[in-house]
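[1] have a look at this prediction, sequence included:
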Amino acid sequence: MLTTRTRSLSLLTPSGHLTLGNLLGALGPMADAAGPDSYYGLSDLHAMTTPHQPAALRERSVEMMTLLLATGMGEATLFRQSRVPAHTGLAYLLECTARTGELARMIQYKEKGRGVDSTRVSLYTYPVLMAADILLYRPDVVPVGDDQRQHVELARDLAQRFNTRYGEVFVVPELVTVAAGARVMDLVHPTRKMSKSAGAAGSIYLLDPPDVVRRKIARAVTDSDTGPGAVRPDRAAKPGVTNLLDVLVGCGGSAEGVSTYGALKRAVTDAVVDTLAPIQARYAELADEPAYVTAVYERGEQRCRQVTDPVLGAAAAAMGL
C-alpha cells in the first residue's frame, strides 16, 4: 500500500484464491480505509511472471474482483492493472532507466529462478512494473513491510535517476517501515504464511463452505502438551496453538475459558464461519450480477486513467517522445 496525504493504493495479485490471512491482514484494513481516493486493484500482470493457464487467470481475476466488493470495498476506486495502459507504458520507460545488475539482485527473482533451467523475462523485469505502479500515483510516502522494502527502494532509485537525467517528473516517495499486520499462518505448517495456492491443506479460503472450514481446522497442528495451561500463546514453542489463538481473536472470538485443544478448535471454527458467512452471502449476490461488477471496475479504471495518463505523458515527453 502507498499513501499520499489523501490517496492510497493497494494491489493484490490473482495468483490463487484469497484466504482468511488476506482478509485479516489486508482486506479488512483496506475496507475500513476505503474511499474515492483509495485505489485498490488486481495486479493481474504480476500473475504472469511464472507459467500460468489463461483460463485459470481469468477465473481467479473475476473471483477476486467480486470478493473485493463482497468484503466492503465498494467506496474505493477499483480497477484491474491490465486495463490501465499507463502501468505498462511507464514500465517500459523505467526499464530504459533501470540497470541489469539491480534487477538481478532482486530477492524474488533469485528465489524463483533457483534450480530451474530458465524463467520468463517478466520475472526479471516485474520489479520495474511494480515501480511504475507506485510512481504513477505520485505518493509522498510508501508504508512498507520488510518483504517489500527492496521493491520500494528500487522505485525510489529509479525516480531519482529519472529526475536527474531527464527532469523532475516523479515524486520520490519516502519509505516508512510499518509494523506487521495480522499474520495468519498455515494450519498444517504454522511456521509459514497461509498460501493462496490451490489445494493448500492448511489454508482457509474466503469461499470455503462451513464443512470444509470445520474439517481444515479440525486437522490443524497443535502439539503434544495437553496439561493445564496448554492453550496459551507461545510463538516459538507452540506455533500451531498460537496461530489458532490469533485466528480466534482476529475473527472476533475469545479464548476465555478455553482449556483444551478440542474446545479451541471448536471456538475457532465458529468464529471463522461467522466471519465468512456475510462475505459469502454477498459474493453469491454479486456473482449473479456480473454486469454490475464489471461496471464498477470500468468506472474505477476510467478514474485511474485520468490520474495516471498525465504522469505517463510527462515521463514520455521528458525522454524525448
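    Okay, I see it. Numbers count the residues shown, from 1 in each chain.

[2] which non-adjacent residue is nearest Pro233?
    Closest residue to Pro233 apart from its sequence neighbours, by CB to CB, 6 or more residues apart in numbering: Thr242 at 4.6 Å. C-beta here means a position set from N, CA and C on the backbone, and glycine is covered the same way.

[3] okay, and that neighbour sits in which element?
    For Thr242, the host element (DSSP states H and E) is helix 239-250.

[4] packing partners of that helix?
    Under the contact criterion of 3 or more CB pairs under 8 Å, 6 or more residues apart in numbering; DSSP states H and E, helix 239-250 touches helix 261-287.

[5] the helix it packs on vs helix 239-250, what angle?
    Going by axes from the mean of the first three to the mean of the last three CA atoms, to 10 degrees, helix 261-287 is angled at 50 degrees with respect to helix 239-250.

[6] and helix 261-287, what's buried?
    The neighbour-count criterion (16 or more other CB atoms under 10 Å) identifies 261, 264-265, 267-273, 275-276, 279-280, 282-283, 286 as the buried residues of helix 261-287.

[7] same question, stretch 100-117
    Across stretch 100-117, burial judged by 16+ other CB under 10 Å covers 103, 106, 109.

[8] what's the answer for stretch 299-311, then?
    Quick answer for stretch 299-311 (16+ other CB under 10 Å): 300-301, 303-305, 307-308, 311.

[9] CA atoms only: put that stretch into PDB for me.
    The C-alpha coordinates for stretch 299-311 follow below in PDB (Å, rounded to 0.1, in the frame of the first residue of the first chain):
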ATOM      1  CA  ARG A 299     -15.600   3.300 -13.700                       C
ATOM      2  CA  GLY A 300     -12.600   2.800 -11.500                       C
ATOM      3  CA  GLU A 301     -10.400   2.200 -14.500                       C
ATOM      4  CA  GLN A 302     -11.500   5.400 -16.100                       C
ATOM      5  CA  ARG A 303     -10.700   7.300 -13.000                       C
ATOM      6  CA  CYS A 304      -7.300   5.600 -12.800                       C
ATOM      7  CA  ARG A 305      -6.600   6.700 -16.400                       C
ATOM      8  CA  GLN A 306      -7.400  10.300 -15.500                       C
ATOM      9  CA  VAL A 307      -4.800  10.100 -12.700                       C
ATOM     10  CA  THR A 308      -2.100   8.200 -14.500                       C
ATOM     11  CA  ASP A 309      -2.200   9.300 -18.100                       C
ATOM     12  CA  PRO A 310      -0.700  12.800 -17.300                       C
ATOM     13  CA  VAL A 311       2.200  11.200 -15.400                       C
END
